[in-house]
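Trainee: this one's structure only:
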């Protein structure tokens with residue numbers, strides 16, 4: 001992350017399968033995102049086991065200022081999906097246009113999580129620009 005601090009022209013950051021989890025590596029990425037998000041158009045954290053804790057941590061960064069987000073295979077459950085959906089819905093400045101969530105297990109039967117229904121409700125909103 002320190003090598004990227006001065007790269008203001010970075011438009012894509014692909015950190016797939018890098019062993020990043022909720023904790024210090026993710027905190028370093030959050031700090032980087034909060035500083036340079038306006039330049040990024042694509043962020044991929046696919047294949048990193050962020051889990052729901054990591055997803056909740058990311059939503060407190062400037063992640064929704066990046067048009068293309070790839071959060072595939074991050075260990076997200078319906079709880080994390082619900083948190084992500086609610087954060088997207090409440091962030092009026094979100095520019096997310098493409099969101100990849102494949103290879104996460106949303107099949108968990110938990111009525112409290114309601115992750116899929118939260119996302120469907122958000123996507124049904126006439127002002128949603130996600131594809």
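Mentor: The structure has been received and is ready for your questions. Computed from a prediction, not measured in an experiment: that's the story for all the values here. Numbering: from 1, shown residues only.
Trainee: from here on, just use CA atoms for contacts and neighbour counts.
Mentor: Will do.
Trainee: and stretch 64-81, how far apart are its ends?
Mentor: 14 Å (Cα to Cα, to the nearest Å).
Trainee: what about this protein, any weak spots by pLDDT?
Mentor: Counting by pLDDT under 70, the low-confidence segments of the chain come to 1-8, 36-37, 108-116, 119-120, 122-123, 125-131.
Trainee: and the helices in it, which stretches?
Mentor: For the chain, the helices defined by DSSP state H cover 24-36, 51-58, 78-90, 115-124.
Trainee: chain center to the first one: distance?
Mentor: On the basis of Cα atoms, centre = their mean, to the nearest Å, helix 24-36 is displaced by 13 Å from the centre of the chain it belongs to.
Trainee: quick one: the closest residue to residue 83 other than its chain neighbours from residue 15, how far?
Mentor: Nearest-residue entry for residue 83: residue 56, 6.5 Å, with adjacent residues in sequence omitted and distances by Cα to Cα, 6 or more residues apart in numbering. As for residue 56, its distance to residue 15 is 18 Å (criterion: Cα to Cα).
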